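Novice: Below: sequence and its predicted model.
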Amino acid sequence: MKHLSITFFALAAGVLCLSCRQLVAPPAPYGVVPSADQLKWQQLEYCMFVHFGPNTFTDLEWGDGKEDPRVFNPTGLDCRQWAATAKKAGMKGIIITAKHHDGFCLWPSKYSTHTVRESAWKDGRGDVLRELSEACREAGLKFGVYLSPWDRNHPAYGTPGYNRVFADMLTEVLSGYGDVFEQWFDGANGEGENGKRQAYDWCLFNRTVYDNQPHAVIFSDVGPGCRWIGNEDGRAGETCWSRLDTAGFEPGRGPAVDTLNSGNVFGVAWAPGEADVSIRPGWFYSSATDDKVKSLDHLLDIYYASVGRNSNLLLNVPPDRAGRIHPNDSARLMELRATLDAVFSANLLHGATVTASAVRGASPTFGAAHVLDSNFDTYWATDDSVTAATLEFEFPQAQTFNLLLLQEYIPLGQRVASFNVEYWDNTSTSWKLLATATTIGYKRILRVPATTTGKLRINISHALACPVLSTVEAYRE
């Protein structure tokens, strides 16, 4: 009887202990964190940009607004072909230049006389936004719009009344074509020293977006939804924080480009980077660039320097004068998709065992195994007092890899400021340094020398708060 009592109390104590472990509190959010819409946006990773308009037919990058609208006349416009191409390329959405700097509107706006209504296309009865938004919905793609506030055609530009005109144009676009996932604002203004000056009412513009599309992510130099990455090469910084100091700045007058490229470690706004780049030398189609589509290797470099550095990739693919994506562009996109699919098809850490130098509350809820479970919403974490820690992986058998993919659980903030990677060298029976890096964020992909090993170690050397890693994977390119 005495033995039974001891057994009972031992079991009860064990259950109580297990319950305590399961009730370990998760880490509190650190600093500013993404909204639900920003998180969904970041998870898209890769979208298509479409520059299309009169410039397509005039071989110009910046139209002057004086072009005859009848020049816009795509003879075989096929937005379903755009959407099918984007879908097959692995892209998750399409953003179109609904109005570029020339002021030409790809929809029949009531607030302009420089639109598809005045063009030769479909005798003025066409609407590109209608056709593209419907094609995106059919293909299961997100639909986004670019509207340039600079307008080289509208007579009200340069007067206080223009802000209301532009807000009305925004309302037309954002209320008439279904859900819009991203509103892209270009801050460019090349009027020159003696040109028109427009004091943009960005508060009005942003409010108009949210009034019509409350879940849209707004892009500009300073967000508020996502930020320009500081170049048009598609390259985020080796260090890339999703946080940014925005006070005193606005679209067109943003922080220095190196700040946009790297973000601010203690920035007060969550404004993740978006890296925009064109598959061709220019943004608009030109037959002279049919043989100048970026190479597969160049596009791979862009992918690893954008998606692989905590930024989304917005790749411009301009339709030709017929209104279709050129075969050269499409073929290169398919090569890129096939290569990425092949590279990321086999996670070499699958089946590995992982141990951590520290686990939050010694609880399996935050155990190291979560970095290998392919679930973004589970993660390894340490106690609040531990901001430097190690994950060690042991492969079932030696593997050769040259890519490492890491993800932080960013709903709790971006934390890791520096880390390094080591591999076990059997020859010297010691750990050897493979790579050093700074930020991780939503996703970091490190390209490293081809390495064959049976063990791998990731050392978080400095985190701003206890690290929370959701994913670690290894691949061979």
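Specialist: Structure's in. What do you need?

Novice: following the helix or strand of the chain with the lowest mean pLDDT, which helix or strand comes up?
Specialist: One helix or strand of the chain scores below all others by mean pLDDT, DSSP states H and E: helix 2-22, with a mean of 45. Once the chain leaves helix 2-22, the next helix or strand it forms, by DSSP states H and E, is helix 36-42.

Novice: list the buried ones in that next one?
Specialist: Q38, L39, W41, Q42 (16 or more other CB atoms under 10 Å). From N, CA and C alone the C-beta is placed, and that goes for glycine too.

Novice: got these as a markdown table, with pLDDT and distance to G234 columns?
Specialist: Formatted as a markdown table, these follow (pLDDT from 0 to 100; distance: CB to CB, whole Å):
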| residue | pLDDT | distance to G234 |
| --- | --- | --- |
| Q38 | 98 | 20 |
| L39 | 98 | 22 |
| W41 | 98 | 17 |
| Q42 | 98 | 16 |
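
Novice: ok, those residues vs L129, which is closest?
Specialist: W41 (20.5 Å; CB to CB).

Novice: Surely N420 and T438 touch.
Specialist: No: using CB atoms under 8 Å, N420 is not in contact with T438; the gap is 10.3 Å.

Novice: All the helices of the stretch 301-450 of the chain, residue numbers only.
Specialist: 327-343 (DSSP state H, counting those that start in this stretch).

Novice: check contacts around the residue lying closest to A369 once chain neighbours are set aside.
Specialist: Of all residues not flanking A369 in the chain, V354 sits nearest, at 6.2 Å (CB to CB, 6 or more residues apart in numbering). Applying CB atoms under 8 Å, 6 or more residues apart in numbering to V354 gives the contacts A368, A369, V371, L372, L391, E392, F393, E394, V472.

Novice: And the buried ones among those, selectable in ChimeraX?
Specialist: Here is the ChimeraX command that selects the buried residues among those (16+ other CB under 10 Å):
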select :368,371,372,391,392,393,472
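
Novice: circling back to that earlier point, which one's more surrounded, N420 and T438?
Specialist: Between N420 and T438, counting by other CB atoms under 10 Å, T438 is the more crowded of the two (18 against 14).

Novice: SS state for F52?
Specialist: Put simply, F52 is coil when judged by DSSP: H, G, I helix; E, B strand; the rest coil.

Novice: what's the burial count for it?
Specialist: 25.

Novice: just H350 next, same as before
Specialist: There are 12 residues near H350, going by other CB under 10 Å.

Novice: That one and V33: what is the separation?
Specialist: Distance, H350 to V33, using CB to CB, to the nearest Å: 30 Å.

Novice: for F219, same thing?
Specialist: Taken as CB to CB, the span from F219 to V33 is 19 Å.

Novice: quick one: which of the two has more around it?
Specialist: For F219 versus V33, the count of surrounding residues by other CB under 10 Å is larger for F219: 27 against 16.

Novice: Start from the N-terminal end of the stretch 251-400 of the chain and give the strands.
Specialist: Here the stretch 251-400 of the chain has its strands, by DSSP state E, counting those that start in this stretch, at 269-270, 273-278, 311-316, 353-356, 380-381, 389-408.

Novice: The fifth one pairs with which strands, parallel or anti?
Specialist: The strands beside strand 380-381 in its sheet (DSSP bridges) come out as strand 468-475 (antiparallel).

Novice: quick one: the partner strand to helix 327-343, angle?
Specialist: Orientation check (axes from the mean of the first three to the mean of the last three CA atoms, to 10 degrees): strand 468-475 against helix 327-343 gives 100 degrees.

Novice: Strand 468-475 vs strand 389-408, what angle?
Specialist: Going by the same axes, to 10 degrees, strand 468-475 makes 80 degrees with strand 389-408.

Novice: what's the average pLDDT for strand 468-475?
Specialist: In this model, strand 468-475 has a mean pLDDT of 98.

Novice: list the buried ones in stretch 376-390?
Specialist: Quick answer for stretch 376-390 (16+ other CB under 10 Å): F376, T378, Y379, W380, A381, T382, D383, V386, T387, A388, A389, T390.

Novice: where does the first one fall, phi/psi-wise?
Specialist: Dihedral pair for F376: phi -60, psi -30, per degrees, to the nearest 10.

Novice: Identify the residue nearest it in space, chain neighbours excluded?
Specialist: F376 sits nearest to S470 (CB to CB, 6+ apart), 5.1 Å away.

Novice: That neighbour against L372, yeah?
Specialist: No: in terms of CB under 8 Å, S470 does not count as a neighbour of L372; the distance is 10.3 Å.
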